[in-house]
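> take this sequence and fold it.
(2 chains, ligands or ions: 2)
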Protein chains: 2
Amino acid sequence: DHYIICGFGRIGALICKEFAAKPLPFLVIEKHPEVHDKLHQEEYLHIRGDATEDETLLRAGIKRAKGLISVVTSDTENVYITLTARGLNPDLFILARSGEEGSEIKLKRAGANKVVSPYVIGGSRMAQAILRPNVVDFIEIATGREHLELQMEEILIPADSSFAGENLVSSGFRKETGVIIIGIKKAVGKMVFNPNPHAKMEANDTLIVLGEPAAIQKLEQLISCSNSAAAIIQKHKGEPTPHE
Amino acid sequence: DHYIICGFGRIGALICKEFAAKPLPFLVIEKHPEVHDKLHQEEYLHIRGDATEDETLLRAGIKRAKGLISVVTSDTENVYITLTARGLNPDLFILARSGEEGSEIKLKRAGANKVVSPYVIGGSRMAQAILRPNVVDFIEIATGREHLELQMEEILIPADSSFAGENLVSSGFRKETGVIIIGIKKAVGKMVFNPNPHAKMEANDTLIVLGEPAAIQKLEQLISCSNSAAAIIQKHKGEPTPHE
Ligand SMILES: [Ca+2]
Ligand SMILES: [Ca+2]
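Ligands and ions are numbered 1, 2, ... in the order given. This next block holds a predicted model:
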């Protein structure tokens, strides 16, 4: 139930930092001896070896891993690691980094579930910084850990939640916490954007929310605790649903 | 009133594509002869030369340019271009790409207004793709041109707008267009996140909005046309402001 991060370069190090902060269990595979000191210093669990080899991935527990992130520098090696990993575990979530143009399709063909290209994202971000500078600021604040005024988060509605079947108003979420719901990823897979106040939440839906981190935490507690759910729903029951 | 893009590598090419689609006037400076054919093919206005030299930047019209984007491969050259450009035009908006760790501070010291590091953004996006996969999907859809269901956009309230002084409900924006306002960058510079229905808009504020592209376009027209503004405000005048 852990994640395997292949490559402790600049991107690999950033991912480790985010996972350690969450925290999320992970293990690093790195073949370059000059990086091992830094891994040791950070006290990250790691294996010295080549992630393109079956044996190394097996030692890293790939059969029981939840996901693998392939972020070595070479596209060729990322494709090879993806192929090897997919062969050893068909259910693994594989996230890979694409460098050169054209490697994205090869990584997907090799079995990656998602491919991220830092150049494409960087170029797009730079264009947006000119075209829509305030939108870029907003996104950087909402997705960065360092800004405490705002966060964008996702919250699963558990299968047995009392909120399942309620709409956004009757749930009382906005009034209780001030958090706004900007999207609902339905259990069936479809994403509803800008849901209106009548939109119903169902079991196993995931809410995409925007709010202060403390308010989001309050909402997460509300949703995970079935006693408080009943009280909140009762409290907001009589309120009229606003018309759109 | 144009933009100067220094470097037509992978990131430079992506920025040109976005600018051409808007469209936004720009000119490329590129010193590598092997890239000139591609620039010619795309029919992008360009200068063959070295952007670290005063003479090249002057030929590109730096004195009357609105902004400069420095995206050559080498950090050293990006710093040098930034320094040269800042010396020639103190009011220019300079956006620069940072490659290696530590170059960000040097680019800012050289005079860059904003620095983007594709590695940092890429690493953060990859970590988020594991930690908050639905939030990442949402952001990719809201910021990508190819997805037509949702867009995140910014709209300036002009100085003479009839909407200045109205609050989010009395403006009728949500009811008329379905667009939601997730932030207000106040004219004074402060950003208000998740504004509540009572939040007032003032002249020169910028709204951060989320909605279907067609709905956003409708809202942009509404805001820019003062006749329709008066009618909309009149129409929604009697409606009660919901309590938070
Ligand atoms: Ca934040
Ligand atoms: Ca879009």
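
> tell me the residue of chain A that sits nearest ligand 2?
A:F193 (9.7 Å; C-beta to the ion). C-beta: built from backbone N, CA, C; applies to glycine.

> how far away is that residue from B:L150?
Here A:F193 is placed at a distance of 4 Å from B:L150 (C-beta to C-beta, to the nearest Å).

> who's in contact with the nearest residue to A:G49 once chain neighbours are set aside?
Spatial nearest neighbour of A:G49, chain neighbours left out: A:T56 (3.9 Å); criterion: C-beta to C-beta, 6 or more residues apart in numbering or on different chains. With contacts defined as C-beta atoms under 8 Å, 6 or more residues apart in numbering or on different chains, the neighbours of A:T56 are A:29, A:47, A:49-50.

> and if you look at A:E18?
Residues near A:E18 by C-beta under 8 Å, 6+ apart: A:145, B:123-124, B:127-128, B:131.

> same thing but at 6 Å, please
Residues in contact with A:E18 (C-beta atoms under 6 Å, 6 or more residues apart in numbering or on different chains) are B:A127.

> related to what we said a few turns ago, tally of neighbours for the residue of chain A closest to ligand 2?
19 (other C-beta atoms under 10 Å in any protein chain shown).

> against B:V169, how distant is it?
A:F193 is 21 Å from B:V169, where distance means C-beta to C-beta.

> what of A:P33?
Distance, A:P33 to B:V169, by C-beta to C-beta: 63 Å.

> okay, those two: which has more neighbours?
B:V169 (19 against 8).

> where in chain A is pLDDT low?
Scanning chain A for pLDDT under 70 picks out the ranges A:226-227, A:238-244.

> near ligand 1, which residues of it show up?
Contacts of chain A with ligand 1, taken as C-beta under 5 Å from the ion, map to A:144, A:147, A:151.

> now the buried members of those residues.
Listed as buried from the residues of chain A next to ligand 1 are A:Q151; burial here means 16 or more other C-beta atoms under 10 Å in any protein chain shown.

> just to revisit the earlier point, please report how far the residue nearest to A:G49 lies from A:I47.
Applying C-beta to C-beta, the value for A:T56 to A:I47 is 6 Å.

> overlap in contacts, those two.
With C-beta under 6 Å, 6+ apart as the test, A:T56 and A:I47 both reach A:I29.

> mind checking which of the residues of chain A next to ligand 1 are in strands?
Members of these lying in strands (criterion: DSSP state E): A:Q151.

> adding distance to chain B, write the residues of chain A next to ligand 1 out as JSON lines.
What follows is the residues of chain A next to ligand 1, written out as JSON lines (distance: C-beta to the nearest C-beta, whole Å):
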{"residue": "A:G144", "distance to chain B": "8"}
{"residue": "A:H147", "distance to chain B": "10"}
{"residue": "A:Q151", "distance to chain B": "9"}
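
> does A:I155 touch A:L207 like I think?
Yes. If you go by C-beta atoms under 6 Å, A:I155 and A:L207 touch, sitting 4.8 Å apart.

> more neighbours, these two?
Shown here are A:I155 and A:L207; by other C-beta under 10 Å, A:L207 has more neighbours (24 against 20).

> so which helix or strand takes in the more buried one?
Assessed by DSSP states H and E, A:L207 sits inside strand A:206-211.

> report all helices and strands that the helix or strand following that strand contacts.
Using DSSP H and E, the next helix or strand after strand A:206-211 towards the C-terminus is helix A:213-224. Here helix A:213-224 touches strand A:151-156, helix A:173-177, going by 3 or more C-beta pairs under 6 Å, 6 or more residues apart in numbering or on different chains; DSSP states H and E.

> so which residues of chain A form helices?
Assigned by DSSP state H, chain A shows helices spanning A:10-21, A:33-41, A:54-59, A:75-88, A:103-109, A:118-131, A:133-143, A:173-177, A:213-224, A:226-235.

> residues contacting A:A203?
Each residue near A:A203 by C-beta under 6 Å, 6+ apart is listed here: A:159, A:164.

> how much space is there between the residue of chain A found nearest ligand 1 and B:F138?
Distances between chain A and ligand 1 by C-beta to the ion are smallest at A:H147, namely 3.9 Å. Remark: distance between A:H147 and B:F138 (C-beta to C-beta) = 18 Å.

> same thing with A:G49?
With C-beta to C-beta as the criterion, A:G49 and B:F138 are 37 Å apart.

> ok, the two, which is more surrounded?
B:F138 (23 against 15).

> mind listing what the more buried one touches?
B:F138 makes contact with A:183, A:208 under the criterion C-beta under 6 Å, 6+ apart.

> and if you look at A:V79?
A:106-107, A:110.

> could you redo the last one with a cut-off of 8 Å?
By C-beta under 8 Å, 6+ apart, the contact list for A:V79 reads A:96, A:103, A:106-107, A:110.

> circling back: common neighbours of A:F193 and B:L150, please.
B:138, B:141, B:210, B:212.

> my guess is the second one meets B:L148, correct?
By that I understand B:I141. No. Between B:I141 and B:L148 there is no contact, the gap being 9.4 Å when judged by C-beta atoms under 8 Å.

> the two: which is more packed in?
B:I141 (18 against 11).

> skipping adjacent residues, who's closest to the more buried one in space?
Leaving out its chain neighbours, the residue that sits closest to B:I141 by C-beta to C-beta, 6+ apart is B:H147, at 4.3 Å.

> and the residue nearest to A:L222 when sequence neighbours are not counted, how many neighbours?
Sequence neighbours aside, A:S228 is the residue nearest to A:L222 in space, at 5.6 Å (criterion: C-beta to C-beta, 6+ apart). By other C-beta under 10 Å, 14 other residues sit near A:S228.

> no further questions, thank you.
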